[in-house]
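Q: Need the 3D shape of this:
(one chain, ligands or ions: 1)
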Amino acid sequence: MSTNEPSESGLPQYPQSYWLASAEVPQFEKLTKDITVDVAVVGGGITGITLAFLLAKEGKKVAILEAGLIMNGTTGHTTAKITAQHDLIYDDLIRYVGEEKARLYYLANHEASAFIRRTVEENGISCDLTEEDSIIYSTSTNSIEKIDKEWKAYEKLGIPGKRVESTPLPLEVKAALVMPQQARFHPVAYLKHLVQEIVKAGGQIYENTTAMTVEHGTFANKVKTKEGHYVEARDVASCTHFPFYGAGGFYFARMYPERAYVLAIPREKSDPPGMYLSADNPVRSIRSVSYNGEELLVVGGERHKTGQGDSTFKYYEALEAFVRETFGPREIRYRWSAQDYTTLDKIPFVGRAVKDEQHAYIATGFRKWGMTNSTAAAQLLKDLILGVDNRYEKVYTPSRFHADPSVRVFLETNADVAKHFVGGKLEWETRDPQDLAPDQGAAVRIYGRRAGAYRDPDGKLYIVDTTCKHMGCEVEWNDAERTWDCPCHGSRYNYRGDVMEGPAKQPLKLLNQPG
Ligand code: FES
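A: This next block holds a predicted model:
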């Protein structure tokens, strides 16, 4: 049960992921010396942990370096559906990359799903793994055509599915597409087991250890940490949200970050089984959980680009209103949010960070579908590192530049970046930090320049320079999470300025002595 008391609105005062609150996450020391391994894996989310697990099983000496705490990024804040039904995507993929690659994308995710299920069964992992249908539905006539096109794509690609007119949801559905026999699970409970296996096999895991750069050598790479230690390894894999190296791949201009919101409410017997996603806007995602005696419904949605959400509480409130209208009034036990990166053709970047660099790899851009895409990514990186052919390499290769139909999105995204980069500092802020009430934050004006201020519940004021340490855009206040979020490439900082999510590696400058 959450100890997070509800505010007047009925929402818990602070975000808290159910996955992280309900399963104990193992803890690890930070790296305090130089080490040598076969493979350095940077990032302790599902991709990095699965990759290290696979490599350790192959007898490789691995080390995971995590800037914060393992599983605390998007992995710990997902809706955790194990499915190859990634929203409406297959009709788009056929048009963007052709039928062969669209089919391979499906197969990679289908096999990833089978891998997770096999791993759970073979190891007897207790993680609420439950087979369920995945259903995309529409309550508006506007989306019927999109669902029909997706159904045609399923038929063309040989994807098992069913086009139906209704679902067990208490909603007036106009059209729906079922992908049967998918699954749900508790991601932290699952990964906890993989972590134990990595450690058992001699793998090393370091938390609070930020990888800063890679120094490429003839026989080995050296990952340098923020505190100046080196991890020497033949292969380096960046399994972070945003690649920590590979600037030559221009990833900051080829992906955009989005945030989405999640509520967990008590589940009632009348709630239908299945995993649902609406094809309409605003998007709604619904699935159940049954773990350690707790029965919940997880309801998500309300996407927006990072740092461009104004008051972010309104997204939780919109989800709460949806819950009330659809399922009746329910206690909101948990609320949390997640960030995902989307590439311009919707397919993740997995493979060599830069084409000619043989031993430096990345995996990123999973959109909202990180459970299977991350597992497929880990399998692919494992094969590349071991020199084994993998038929999915050409689908995920980061060096692709498809003639992209989303060029409009690309241009709009970059126009936003330019706006925040050039104009942000000049914005005329009139708020005075002294006017902030407890637990309130805002962009303010200090000595004629823009800054960021937050007054904590005890009255302490924290003032930071709002210039993002990645490439200098202006960060924006996120009131629901009490963070400073960068609208350009998604870096996030807590109210003290510490980095919570990259690409930034350095904290925002604190401009006062909090007090
Ligand atoms: Fe790139 Fe802030 S400027 S994340």
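Q: Near the residue of the stretch 101-250 of the chain found nearest the ligand, how many other residues are there?
A: Proximity of the stretch 101-250 of the chain to the ligand (C-beta to the nearest ligand atom) peaks at residue 242, 8.0 Å away. (Glycine included, C-beta is placed from N, CA and C.) Applying other C-beta atoms under 10 Å, we find 24 residues neighbouring residue 242.
Q: And residue 163, by the same measure?
A: Residue 163 has 15 nearby residues by other C-beta under 10 Å.
Q: Where does it sit: helix, strand or coil?
A: Secondary structure for residue 163, judged by DSSP: H, G, I helix; E, B strand; the rest coil, is strand.
Q: and the spatially closest residue to it that is not a sequence neighbour, how many neighbours does it have?
A: Sequence neighbours aside, residue 151 is the residue nearest to residue 163 in space, at 4.4 Å (criterion: C-beta to C-beta, 6 or more residues apart in numbering). For residue 151, the tally of surrounding residues (other C-beta under 10 Å) stands at 23.
Q: if we can go back for a sec, check contacts around the residue nearest to the residue of the stretch 101-250 of the chain closest to the ligand when sequence neighbours are not counted.
A: Nearest non-adjacent residue to residue 242, counting by C-beta to C-beta, 6+ apart: residue 503, 4.3 Å away. Contact analysis of residue 503 by C-beta atoms under 8 Å, 6 or more residues apart in numbering lists 242-244, 252, 470, 489-491.
Q: In which helix or strand does residue 503 reside?
A: Applying DSSP states H and E as the criterion places residue 503 outside every helix and strand.
Q: any idea how far it lies from residue 351?
A: 19 Å (C-beta to C-beta, to the nearest Å).
Q: try residue 395
A: 10 Å.
Q: Repeat that for residue 69.
A: 27 Å.
Q: what sits against residue 81?
A: 134, 182-184, 275, 285, 287, 371.
Q: Note down every partner strand of whichever strand or helix holds residue 256 and its orientation.
A: In this structure, residue 256 sits in strand 255-266 according to DSSP H and E. Applying DSSP bridges, strand 255-266 is found paired with strand 294-305 (antiparallel), strand 334-343 (antiparallel).
Q: from the ones you listed, which stretch is densest packed?
A: Most buried of the strands paired with strand 255-266 by mean neighbour count (mean count of other C-beta atoms under 10 Å) is strand 334-343; its value is a mean of 23.
Q: Quick check: next helix or strand after the least confident helix or strand in the chain by mean pLDDT?
A: Least confident helix or strand of the chain, by mean pLDDT, DSSP states H and E, is helix 407-418 with a mean of 56. The helix or strand immediately downstream of helix 407-418 is strand 440-446, counting by DSSP H and E.
Q: helix, strand or coil for residue 454?
A: Per three-state DSSP, residue 454 ends up strand.
Q: Surely it touches residue 436?
A: Yes. Residue 454 is within contact range of residue 436, at 7.3 Å (criterion: C-beta atoms under 8 Å).
Q: ok, the two, which is more surrounded?
A: residue 454 (27 against 17).
Q: give the contact list for residue 75.
A: Residue 75 touches 45-46, 187-188, 191, 370, 374, counting by C-beta under 8 Å, 6+ apart.
Q: Please apply the same query to residue 506.
A: 469, 499.
Q: go again using 10 Å as the cut-off
A: Contacts for residue 506 (C-beta atoms under 10 Å, 6 or more residues apart in numbering) come out as 210, 212, 226, 468-470, 491, 493, 497-499.
Q: Secondary structure added to those, as JSON lines?
A: Formatted as JSON lines, the contacts of residue 506 follow (three-state DSSP):
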{"residue": "210", "secondary structure": "coil"}
{"residue": "212", "secondary structure": "strand"}
{"residue": "226", "secondary structure": "coil"}
{"residue": "468", "secondary structure": "coil"}
{"residue": "469", "secondary structure": "coil"}
{"residue": "470", "secondary structure": "coil"}
{"residue": "491", "secondary structure": "coil"}
{"residue": "493", "secondary structure": "strand"}
{"residue": "497", "secondary structure": "coil"}
{"residue": "498", "secondary structure": "coil"}
{"residue": "499", "secondary structure": "strand"}
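Q: Please, a ChimeraX command that selects the buried ones among those?
A: Selecting only the buried entries of these in ChimeraX, with 16 or more other C-beta atoms under 10 Å as the criterion:
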select :210,226,468,469,470,491,493,497,499
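Q: Name the residue of the stretch 151-300 of the chain that lies nearest to the ligand.
A: Closest point on the stretch 151-300 of the chain to the ligand, by C-beta to the nearest ligand atom, is residue 252, at 6.0 Å.
Q: What distance do you get for that residue to residue 401?
A: Taking C-beta to C-beta, one finds residue 252 at 15 Å from residue 401.
Q: Share the number of residues neighbouring residue 122, please.
A: Neighbours of residue 122 (other C-beta under 10 Å): 8.
Q: got the buried residues for the helix or strand containing it?
A: Element membership of residue 122 [criterion: DSSP H and E] is helix 99-123. Residues of helix 99-123 classed as buried: 101-110, 112-113, 115-117, 119-120 (neighbour count, 16+ other C-beta under 10 Å).
Q: following it, which helix or strand comes up?
A: In N-to-C order, the element after helix 99-123 by DSSP H and E is strand 130-138.
Q: coming back round to it: want to throw the contacts of residue 506 into JSON lines with pLDDT and distance to the ligand?
A: As requested, these are arranged in JSON lines below (pLDDT from 0 to 100; distance: C-beta to the nearest ligand atom, whole Å):
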{"residue": "210", "pLDDT": "94", "distance to the ligand": "15"}
{"residue": "212", "pLDDT": "92", "distance to the ligand": "16"}
{"residue": "226", "pLDDT": "94", "distance to the ligand": "17"}
{"residue": "468", "pLDDT": "94", "distance to the ligand": "3"}
{"residue": "469", "pLDDT": "92", "distance to the ligand": "7"}
{"residue": "470", "pLDDT": "91", "distance to the ligand": "3"}
{"residue": "491", "pLDDT": "92", "distance to the ligand": "4"}
{"residue": "493", "pLDDT": "96", "distance to the ligand": "10"}
{"residue": "497", "pLDDT": "95", "distance to the ligand": "13"}
{"residue": "498", "pLDDT": "93", "distance to the ligand": "15"}
{"residue": "499", "pLDDT": "93", "distance to the ligand": "10"}
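Q: Now flag whichever of the contacts of residue 506 is closest to residue 65.
A: The closest of the contacts of residue 506 to residue 65 turns out to be residue 210 (C-beta to C-beta; 7.8 Å).
Q: So which bits of the chain are right by the ligand?
A: Within the chain, the positions lying close to the ligand (C-beta under 6 Å from any ligand atom) are 468, 470-473, 486, 488-491, 503-504.
Q: Pick out the most distant pair among those residues.
A: 472 and 490, at 14.6 Å, using C-beta to C-beta across those.
Q: of the two, who's got more company?
A: residue 490 (27 against 14).
Q: Settle this for me: the more buried one is touching residue 258, isn't it.
A: Yes. Residue 490 is in contact with residue 258 according to C-beta atoms under 10 Å; the separation is 8.4 Å.
Q: Touching both of those two, which residues are there?
A: 305-306, 339-341.
Q: just curious, which of those is nearest to residue 97?
A: Among the shared contacts of residue 490 and residue 258, and counting by C-beta to C-beta, the member closest to residue 97 is residue 341, at 18.4 Å.
Q: What residues does the closest one make contact with?
A: Applying C-beta under 10 Å, 6+ apart, the residues near residue 341 are 74, 241-243, 251, 254-258, 306, 348-349, 364-367, 370, 489-490.
Q: who's in contact with residue 274?
A: Taking C-beta under 10 Å, 6+ apart, one finds 132-135, 137, 167-169, 178, 182, 184, 286-288 in contact with residue 274.
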